[in-house]
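Peer 1: Return a 3D structure for these sequence lines:
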Amino acid sequence: MSLVNLTVMYGHLEGAGGNFARDPSGYLSIETGIFRKHGLDVSWNHVQGTEERYRRLENGSAQISLVVGRASLQHFLTSRTTRILGCAMNSCPYYLIAAPAITKLADLKNKVVACREGPSRNTPIAET
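Peer 2: Just a heads-up that it's a prediction; the model follows:
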């Protein structure tokens, strides 16, 4: 089987008290052969700096980056060149306050959504 080369980047993971840790999950998966078992030859790289990771995504030298949720959302809204596959963050800066009857995104179809001016300028709500 031919392996697909995949370059994954990550920054630092901040722990309690400002301690930093490197993400071991990629290294462990490479070492145990999990990626190869599924046809991937993964390179797991620490690249400090969100903007540097975006630059590498844009020029094609990397395919996946683990980034901070808020920064990745803003980069997508600005550039439309990246896709957010998943996100983990301590809190979300965006809240939708809605009637109890609205339980899913589809319930907002043909409804008016209002938000403060800052996010409304750059948020593709109409595309949702």
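
Peer 1: Sketch out the low-pLDDT regions of this protein for me.
Peer 2: In the predicted model, the chain carries pLDDT under 70 at residues 12-24, 68-71, 84-96, 114-128.

Peer 1: just the strands in it please.
Peer 2: With DSSP state E as the criterion, the chain has strands at 4-10, 13-14, 20-21, 40-46, 64-66.

Peer 1: any chance of these in CSV, with distance to residue 110 and mean neighbour count too?
Peer 2: From N, CA and C alone the C-beta is placed, and that goes for glycine too. Output for the strands of the chain, formatted as CSV (distance: least, Cβ to Cβ, whole Å; neighbours: other Cβ atoms under 10 Å):
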stretch, distance to residue 110, mean neighbour count
strand 4-10, 40, 17
strand 13-14, 42, 12
strand 20-21, 46, 9
strand 40-46, 42, 16
strand 64-66, 36, 19
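
Peer 1: Those strands into a markdown table, with extra columns for distance to residue 56?
Peer 2: What follows is the strands of the chain, written out as a markdown table (distance: least, Cβ to Cβ, whole Å):
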| stretch | distance to residue 56 |
| --- | --- |
| strand 4-10 | 6 |
| strand 13-14 | 19 |
| strand 20-21 | 21 |
| strand 40-46 | 9 |
| strand 64-66 | 7 |
